[in-house]
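Colleague: next come a sequence and a model predicted from it.
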Amino acid sequence: MLKVMKVFRLSLVLSLFVSAIAFAQDDNVITDEDLMHYKAIVDAVDSMKAQMKEEYNDMIQAEELMQGGKRFKEIKQTKGDSLKLAELSVTQEEQAIFDKIQSSYADMKAKFKESYTSIIKEKLGIKKYNEIKKGIKKGELKERYDALSAK
């Protein structure tokens, strides 16, 4: 009877161990639904990036002193170096407009990052998103993702 109890306990412990391993592996499985959620995230992010870029360019174009972006680009290339700014004869008004645009762009990027992270958490979770992002660079997962994306 004692031997039967030991065998029973051992088999119980082993079955719990096997169940725990199986559960952990199920968590790492990437389903087609996960890949479709990933694709939806990528598409949403691409759309948000394009919109943000358009708004940024519109802000630059709307400022007459930025000369359609030419002056903005010159100021940006100085990276805030006061000697280079002086060489370009950047006025205080130009600098103020440049700073206002950059500040607005920084706000847009912060909102983008917040939205991006929120979408990932809602659709997949950070861990699963990162697994897929890493996995689709090559191999079987990339093939599955490409096939689902083509549909």
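Modeller: Great, that's in hand.
Colleague: please count neighbours and contacts with C-alpha atoms only from this point.
Modeller: OK.
Colleague: what does stretch 47-54 rub up against?
Modeller: Met108, Lys109, Phe112 (CA atoms under 8 Å, 6 or more residues apart in numbering).
Colleague: and which of the residues you listed is nearest Thr91?
Modeller: Nearest to Thr91, judged by CA to CA, of those is Met108 at 25.8 Å.
Colleague: from Leu148, how far out is the residue nearest the centre of the chain?
Modeller: Nearest residue to the geometric centre of the chain (CA atoms, centre = their mean): Tyr116, 5.8 Å. Note on Tyr116: its distance to Leu148, by CA to CA, to the nearest Å, is 22 Å.
Colleague: got it, and Phe112?
Modeller: The gap separating Phe112 from Leu148 is 26 Å, by CA to CA.
Colleague: quick one: the helices in the protein, in order.
Modeller: 2-28, 32-62, 70-77, 82-87, 92-123, 126-135, 139-150 (DSSP state H).
Colleague: redo the ones you listed as JSON lines? Include mean pLDDT.
Modeller: Formatted as JSON lines, the helices of the chain follow (pLDDT from 0 to 100):
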{"stretch": "helix 2-28", "mean pLDDT": "44"}
{"stretch": "helix 32-62", "mean pLDDT": "95"}
{"stretch": "helix 70-77", "mean pLDDT": "96"}
{"stretch": "helix 82-87", "mean pLDDT": "94"}
{"stretch": "helix 92-123", "mean pLDDT": "96"}
{"stretch": "helix 126-135", "mean pLDDT": "94"}
{"stretch": "helix 139-150", "mean pLDDT": "88"}
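Colleague: how many neighbouring residues does the closest residue in space to Thr78 that isn't next to it in sequence have?
Modeller: Leaving aside its chain neighbours, Thr78 sits nearest to Lys84 (5.7 Å; criterion: CA to CA, 6 or more residues apart in numbering). Close neighbours of Lys84, defined as other CA atoms under 10 Å, add up to 15.
Colleague: I'm done for today, thanks for sticking with me.
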